[in-house]
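Trainee: A predicted structure for the sequence below; I have some questions about it.
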Amino acid sequence: MKSFKKPLQTLGYAFLGIFLSDCTQKTVSNLSLEKSLSNVESIKGRKEYLNSPYVTAGGRLYVIGHQNGQFPDLGWHVTGEMGGIWNHPIKLMDGFTGTISENGQSVCLSQADEFVNFPFANKLTYQSPMKGLSVERFQFVPDGQEAAVIEYTFHNTEAISKTFTFTFEGYTDLRPTWLGERTNMIDGKDEATWDESTKTWVAKDALNDWFVMFGGTNAEKVNSNEKANCDYTPQGKGCRAALKFTFTIPANSSKTLPITIAGSYQSSQKMKDTYRFVQANASKLLAEKQTRYESIEQKTRLTIPDKKLEQAFRWVKYDTDWLIRDVPEIGRGISAGLPDYPWWFGVDSEYALQGLIATGRKDIVYSSIDLIHRLSTKTSGNGKILHEVSTNGAIFNDGNVNETPQFASLIYKVYQWTGEKEFLAKYFQTIKKGLNWLMTQNDANGNLFPDGFGMMEIHGMNSEMIDVAVYSQKAFADAAEMAKVMGENTLAKDYAEKALLIRQKINKDFWVADANSFADFIGTKEQALHLVDDAIIRADTLKKPWAVEELKATKNKIEALPAGTSQGFVLHHNWVVNTPMEMGIADADKAITVLNTASKFVSPFGVFVTGIDRDETAGKDEMPTSLNRKIFTYTGAVMTLPTGVLAISENNYGRPDAALGYLNRMTKSFSFALPGSIYEVSPDYGMVAQAWNLYSYGVPIVQQFFGIQPNAAEKTIIIQPQMPSTWDKASLEKVSVGDNEISIHYEKSGKSLSLKIEQKNTDWKIVIALPKGKFQQFLVNGEKVKTTSDSKFDYVESTNKSITLKVAE
C-alpha cells in the first residue's frame, strides 16, 4: 500500500503535452495526470458497491456521482438533486456522460469496471468497452477553484492504429441550494450557447447570473438537436450540450483527453477566468493539492501494529478535508457530511473540531468557529448557538439546547491546544451570554437541568435530557477555567460551584439502579407513558421482541407511579446515556456498571443510536447492508459518534482495551462501500463522509492512548499514555501544540517501558504521568531522576528537546 512516504513526483512537464493535438499524437500515457500520482496511496473499491456514491472534493466545488460512472438523482434535502457538481450556494451540473465510437459502433461509458480512490482524486476504469480499447477516467477538484478537471485516457491495446470519436455530454442544472427560496434564490431554465473561441459550451440560468462552462482543446460542437448517446434524463430545469473529439491512436499507444468544467454564481467573466486558469495549470494545481495532502498525512502521523486502524485514522483526516465548504460571502467551515449535509452545523462542528485541532488543523478550526459564531450571533444574539444553516446563510434551526454548552467546551478545548488568549477573549462574552440563556430560558423549575432537545431527535424527548445536563455541567466547569484566565474570579467561583452541584445531581437524579444505567431523560409519569407507547410501537414494527417485552414491563412500572411523579426513565437505551462517562463526570462505580450495560447495545460495526433497535444476538449479528434495503431510514442506525463516545468513555475509566474494541468495530466500516471513507451510518448508509468521525478517532487515539493533554498557554504538555495491551510499539509524530510540535514513540517489552518524546521548542515543559507506584527506577536520557507524585500518578518533568524515559515494573 503506497502512501506519501515517497518523495513527491515532479510534475514539471509542459501542460501543452497533456493537451496533445491530433497532429502530434504519440504514446502519451506517461503524461496523464493520473500517472503523476504513482507514489500516492490509493484504495480500490468493491465491485458490489460500484452502484453507490463517491465524492471528489475541493473547498469551493465538489463532484458526487456513482462509482460506476453514472450520475443518478441522489438525496432528499433537495429531492434527487444532492449529487452532481456543486459550487455552493448553487449547483452547476447534474452530471455528464461519455460515448466512444469507432466504425459506426458506439458504446456509452456508463458501467465502469473498477473504481479507485486517492486521498484527493479518483479514477474509474472501463476495461473493455469495445474490442482493443480500455478507458480510464481520472478526476480532481483543484484547491480554491470553482472548477473540476476530468481526464479521459484511451488505451489502444491492438497492434494497429485506430481512429475514434469521443462525445462528452454535459447536463447543466444551475439551481439554488437547499432553502434557496428563503434568500430569494429562484431557479430558472438553463440555456446553453457555443463559444467558438474557447471551444466550450456556456450555460446560464435565465433568472440569475449563474454560469457553468465546459470544454477541451480541439473540441467540436455537437448540435443540440442530435440525439443523446447515453440513456440519461436527470430532473430539473437544466439543459444538455455535447462536445465531440476525433483522434487517432497509434498501435499499442494511448491518448489523453482532458475536460475542464468551471462555474460561477457571480459573473460570466469570473467563470471564464477560472476556466482559463485551471485549463492552463491543471498539472501544477494537482501537484499543489498533492503537497497539501502530504502535509495532512504528516501531521499527527500514527504508526501502530494494527495497520487497518492506522490506515483508517490516516484517511479519516483526508475525508474530513473533503467536507470543507468555502463560500466567501458566508464563510469557510467544516460541513457535516456528503451528499445530503454539505452545509454547516453547530453540534457536528463541536465534535469534529476537537478531532481537527488534535490533528493539526488550526486553520479550519478557527474559521469554522468564526462562521458558526457569526451566524449564531446574527440569528439570536443571546449566546445561543445555531444547529443548522445552509450555504446561502439561511438558518434552518437556530439551535437545540445542547449546542450552546458544547460550544463553550469547544472553545476551551481549542484554547488548551493553542494557548491564544485573544482567541478566548473573542468568544468569552458569547459563552457568558449562552450560559445565562441556558439557565434562565430553559430551566423553568430551577433544578439546574435545562429542558429541551439534545442529540436525540425523537419526538417528545425534550424534557430534561441526559446529554443536555452532562454537556451543561462540562460547560460550567470549562467556563470556570476560562473565567480565571479572563480575570473574572467571582464568576469563575460561581461557575465552578454550579458545575460541582450539577455533577452531583446527575449522579443522583439521573441514576436508575434497576436498569444499571443513567436515564435517557427526567420527566413526568405522563410524559414517560406517551414515550413508552411510541417506543413499543417502534420495537414491534422493527420486530424486536425482547425490546417489546422490556418496554411493556417498564410501562407497568410507570403506570404504578403516583400521578405527576417526575423522575429519571430508561426507555430507549439511547447512546446519550453514556455522555456522563464521555465527559468523565460519572462516579466510578456507576461508570463501570453503565459501560458494561452499554456493551450489550452493539452490532459488529459499533453502537446503536437507539438501543431498543438492536437484535437479540447483539454483537454477533451481521446487520443488513444497503445492498438489501430498498428504503433508507435512520431507524436501527449504528453510528460512529455513539461508538466513539463509548471508546472515549472506556478510556476515561481506565479500560483502553475496551476502547480499542470500539475503534475496531468502527474500522470494520472503513472502505466498506466507498474506498477510503467511513459512512455516517455503519457500515454503508447515509452520508458517504461524515465530519464527526474524526472526533471518534482523534480523541481516543491522540488524547487518551498517547495521553496528550496540552496546556499551551503555560507552555506545558502532560503526556499520560494509556495504551491498549496489544500495542507493544506505537508512535505519534508531529503533533502541533501552540507554537511547539511533539512526537511520541512508545515501546513496551515485558515489564519495561520506553517513552521517547521529541519537541521542537525547549522553552516548553513536558510532564510525563504514569500510574502511581507501578514503575520503579525512572531513567531520563540514561540518568536516574526523582519523581513527584499525587494520589494517582508519578510525574517526570523535562524541558529537553529529546526525552527518553525508561521505566520497569
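Mentor: Yep, it's here. Values in this document were obtained by computation on a predicted structure and should not be read as measured data.
Trainee: Who are the contact partners of the residue nearest to L641 when sequence neighbours are not counted?
Mentor: On the basis of CB to CB, 6 or more residues apart in numbering, the spatially nearest residue to L641 that is not a chain neighbour turns out to be W692, at 4.9 Å. C-beta: built from backbone N, CA, C; applies to glycine. Under the criterion of CB atoms under 8 Å, 6 or more residues apart in numbering, the contact partners of W692 comprise 336, 348, 351-352, 355, 640-641, 644.
Trainee: quick one: the strands in the stretch 151-300 of the chain?
Mentor: With DSSP state E, counting those that start in this stretch as the criterion, the stretch 151-300 of the chain has strands at 162-176, 190-195, 200-205, 211-215, 220-222, 240-249, 254-264.
Trainee: what mean pLDDT does the fifth one have?
Mentor: Per-region confidence: strand 220-222 scores 95 on mean pLDDT.
Trainee: same thing with the longest one?
Mentor: Confidence for strand 162-176, expressed as mean pLDDT, is 97.
Trainee: Need the nearest residue in space to V645, chain neighbours excluded.
Mentor: Sequence neighbours aside, E582 is the residue nearest to V645 in space, at 4.7 Å (criterion: CB to CB, 6+ apart).
Trainee: same deal with K244?
Mentor: The shortest distance from K244 to any residue that is not its chain neighbour, by CB to CB, 6+ apart, is 4.4 Å, and that residue is E220.
Trainee: Tell me how far the one you found lies from K227.
Mentor: Using CB to CB, to the nearest Å, one obtains 17 Å as the distance from E220 to K227.
Trainee: if you count what's nearby, which of these two comes out ahead?
Mentor: Ranked by neighbour count (other CB atoms under 10 Å), E220 and K227 place E220 first, with 13 against 4.
Trainee: name the helices or strands packed onto the longest helix along the chain?
Mentor: Longest helix in the chain, counting residues (DSSP state H): helix 268-298. Applying 3 or more CB pairs under 8 Å, 6 or more residues apart in numbering; DSSP states H and E, we find helix 268-298 packed against helix 15-18, strand 147-156, strand 200-205, strand 211-215, strand 254-264, helix 307-322.
Trainee: And the strands in the stretch 651-800 of the chain?
Mentor: In order along the chain, the stretch 651-800 of the chain carries the following strands (DSSP E, counting those that start in this stretch): 689-690, 708-711, 716-719, 729-737, 740-749, 752-759, 765-771, 776-780, 783-784, 788-789, 793-798.
Trainee: Take those strands and lay them out in TSV including mean neighbour count and mean pLDDT.
Mentor: As requested, those are exported to TSV (neighbours: other CB atoms under 10 Å; pLDDT from 0 to 100):
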stretch	mean neighbour count	mean pLDDT
strand 689-690	28	98
strand 708-711	21	98
strand 716-719	20	98
strand 729-737	19	98
strand 740-749	18	97
strand 752-759	18	97
strand 765-771	19	97
strand 776-780	14	92
strand 783-784	8	94
strand 788-789	10	95
strand 793-798	18	96
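Trainee: Sketch out the low-pLDDT regions of this protein for me.
Mentor: Of all residues in the chain, those with pLDDT under 70 make up the ranges 1-31, 616-633.
Trainee: Burial check on E559, number of neighbours?
Mentor: Taking other CB under 10 Å as the neighbour definition, E559 ends up with a count of 11.
Trainee: In which helix or strand does the residue nearest to it when sequence neighbours are not counted reside?
Mentor: Nearest residue to E559, sequence neighbours excluded (CB to CB, 6+ apart): L529, at 7.0 Å. Secondary structure here is read from DSSP states H and E; on that basis L529 sits in helix 525-541.
Trainee: ok, residues contacting that helix?
Mentor: Contacts of helix 525-541 from elsewhere in the structure, counted by CB under 8 Å, 6+ apart, are 458-461, 463, 523, 547-548, 551-552, 554-555, 558-559, 561-566, 569, 571-572, 612-613, 635.
Trainee: Out of those, which sit inside strands?
Mentor: Of the positions in the contacts of helix 525-541, 523, 566, 569 sit in strands, assigned by DSSP state E.
Trainee: hey, what's the first one bridged with?
Mentor: If I follow you right, that is G523. For G523, the beta-bridge assignment (DSSP bridges) gives partners Q567.
Trainee: quick revisit: return the most buried member of the strands of the stretch 151-300 of the chain.
Mentor: Across the strands of the stretch 151-300 of the chain, the average number of neighbours (mean count of other CB atoms under 10 Å) peaks for strand 211-215, which reaches a mean of 28.
Trainee: now stretch 472-481, how far from the chain's geometric center?
Mentor: Taking the mean of its C-alpha atoms, stretch 472-481 sits 26 Å from the chain's own mean (CA atoms, centre = their mean, to the nearest Å).
Trainee: separation between the residue nearest to V645 and K299?
Mentor: When distances are taken as CB to CB, E582 and K299 turn out to be 25 Å apart.
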